[in-house]
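Student: here's a sequence, model it:
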Amino acid sequence: MQREVKTETVLLDGQGNVGTPGWAKKSFFKYDREMIKAGKFRIKEWDYYCILSSEYGLAITAADNGYMAFYSVTLLDFINKTETSGSVMTPFSMGKLNMPSSSSEGDVVVDKKAIKLSFVHNSGGRVLSVNYPGFDGGKGFESEIVLEQNVDDDRMVIATPFNKKGHFYFNEKHNCLRARGSVKSGNFSYTFGDGAYAVLDWGRGVWTYRNTWYWGSASGEVEGAPFGFNIGYGFGDTAAATENMLFYNGKAHKLEDVTFNIPLGADGREVYTDTWNFNSSDGRFELDFIPIIDRFSDSNVLLIRSRQHQVFGYFSGKVVLDGGSELKIKNLLGFAEKVYNRW
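Tutor: Numbering: from 1, shown residues only. Purely as a prediction, here's the structure:
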């Protein structure tokens, strides 16, 4: 049975375990890194933003993974169906990034020779700035994106344990953030304007060494109002909560389990560029997904590996809100991914 948390609560107990596993529509869980009992090498803290328009997209990550800090930029071209990614890594961060303990306040500021980036709150949302000289073989990358966020809008919040003491997944997804701003790389430049939306993936936790997760997200407009969703599984023990949720005009609508049906080829292997299908156990999420770009990467260094297919494309089908109203979805731009990690 899923448990909704409706009042403020401390995330971790005295043993570093989730005190009240569950989900929420607001930021009720209070995270304190000092209450974690795992070693600094095991703590994961990240902020990930993905901004999408009909023509181009941008993804920016700042993460402190304990044994290393990781900063990345991905520029997506939906016209030519290409993507360009770059990353900077520095060893033994172990909390030195001072990632904020709340998604609603506190800024991320990185000032290094290889990359400068900042995620800074303002009165209407936040500003994302990046200067990455080495991007795309030295073409460089610069961007400044302003995200608008209504503080009263619901968000997806989840706190789940893993089946190992002291391990947990704490995450917030903020969908339907209106985006505007500019990006530049070499001779390329683009301005995000009307119709551009972003999602924030704000995560903190202690993960098991091997895991596979599935995650999908989209934000846009349906019937003239902001609409988005967050779906996924593989994030610990979800007996008390899943992170499947619809957002419509600022309000959250909770779903039960959602299954990712990735098509298989004649050899039995998953074919990420064919049409996917998604369905939910409560019958309220029935969508097909037509891929445009498969952002594939496979990093394998000693004991650490990350193999991921993050696929961008269009969702179509139907969803049902809490009150029973049905929404028809047609060509809603978003992404779905499958990621395997040893980390």
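Student: what about the residue located most distally from the centre of the chain, distance to D274?
Tutor: What lies farthest from the middle of the chain is A266; by CA atoms, centre = their mean that is 31.7 Å. If you measure A266 against D274 using CB to CB, to the nearest Å, the figure is 12 Å. Heads up, the C-betas are built off the backbone N, CA and C, glycines and all.
Student: one more: I293?
Tutor: 14 Å.
Student: for this structure, what helix or strand is lowest in average pLDDT?
Tutor: Ranked by mean pLDDT, DSSP states H and E, the weakest helix or strand in the chain is strand 285-301, scoring a mean of 91.
Student: please export the C-alpha coordinates of that one as CSV.
Tutor: What follows is strand 285-301, C-alpha atoms only, in CSV (Å, rounded to 0.1, in the frame of the first residue of the first chain):
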residue,chain,number,x,y,z
PHE,A,285,-1.5,5.6,-18.1
GLU,A,286,-1.6,4.1,-21.6
LEU,A,287,0.9,5.7,-24.0
ASP,A,288,3.1,4.8,-27.0
PHE,A,289,6.5,6.4,-27.5
ILE,A,290,8.1,7.1,-30.8
PRO,A,291,11.9,7.7,-30.5
ILE,A,292,13.8,10.4,-32.2
ILE,A,293,17.3,10.2,-30.5
ASP,A,294,18.9,7.4,-28.5
ARG,A,295,21.5,9.1,-26.3
PHE,A,296,23.6,6.0,-25.6
SER,A,297,26.7,5.8,-23.5
ASP,A,298,28.7,3.0,-21.9
SER,A,299,31.4,4.0,-19.4
ASN,A,300,33.4,1.1,-17.9
VAL,A,301,36.3,2.0,-15.7
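Student: that strand packs against which elements?
Tutor: When contacts are defined as 3 or more CB pairs under 8 Å, 6 or more residues apart in numbering; DSSP states H and E, strand 285-301 sits against strand 68-77, strand 82-91, strand 276-280, strand 304-320.
Student: run the chain-centre distance for it.
Tutor: 13 Å (CA atoms, centre = their mean, to the nearest Å).
Student: ok so, going back, the more surrounded of I293 and D274?
Tutor: Per other CB atoms under 10 Å, whichever of I293 and D274 has more neighbours is I293, with 20 against 13.
Student: what are the bridge partners for that one, then?
Tutor: F312 (DSSP bridges).
Student: likewise the one 4 residues further on?
Tutor: In this structure, S297 has the following beta-bridge partners (DSSP bridges): Q308.
Student: cool, E172 as well?
Tutor: V157, W202.
Student: same thing with F168?
Tutor: P161, V206.
Student: and for S143?
Tutor: Bridge pairing for S143 - DSSP bridges - gives V130, V183.
Student: what distance do you get for it to L75?
Tutor: The value you get for S143 to L75, if CB to CB is used, is 9 Å.
Student: residue ranges with poor pLDDT in this structure?
Tutor: Low-confidence segments of the chain, defined by pLDDT under 70: 302.
Student: tell me where it has helices.
Tutor: Under the criterion DSSP state H, the chain contains helices at 135-138.
Student: from the centroid of it, which residue is nearest?
Tutor: Nearest to the chain centroid, counting by CA atoms, centre = their mean: D201, 3.4 Å.
Student: tell me how many other residues crowd the closest residue to that residue other than its chain neighbours.
Tutor: Leaving out its chain neighbours, the residue that sits closest to D201 by CB to CB, 6 or more residues apart in numbering is Y48, at 4.1 Å. For Y48, the count of nearby residues is 16 (other CB under 10 Å).
Student: swap in V320?
Tutor: V320, neighbours per other CB under 10 Å, totals 18.
Student: that one contacts L287, doesn't it?
Tutor: No - counting by CB atoms under 8 Å, V320 sits too far from L287 to count as a contact (11.7 Å).
Student: need the contact list for S306.
Tutor: 297-299, 339-343 (CB atoms under 8 Å, 6 or more residues apart in numbering).
Student: buried subset of those?
Tutor: 339, 341, 343 (16 or more other CB atoms under 10 Å).
Student: is it correct that G234 is in contact with N211?
Tutor: Yes - with contacts counted by CB under 8 Å, G234 reaches N211, the gap being 6.3 Å.
Student: for stretch 30-45, list every residue counted as buried.
Tutor: Judged by neighbour count using 16+ other CB under 10 Å, the buried positions of stretch 30-45 are 31, 35-36, 38, 42-45.
Student: tell me the one of those nearest P133?
Tutor: E45 (25.5 Å; CB to CB).
Student: tell me who's in contact with the nearest residue to the closest one once chain neighbours are set aside.
Tutor: Among residues not flanking E45 along the chain, M99 sits closest, at 4.1 Å (CB to CB, 6+ apart). Each residue near M99 by CB under 8 Å, 6+ apart is listed here: 45-47, 62, 64, 108, 204.
Student: alright, that wraps it up for me.
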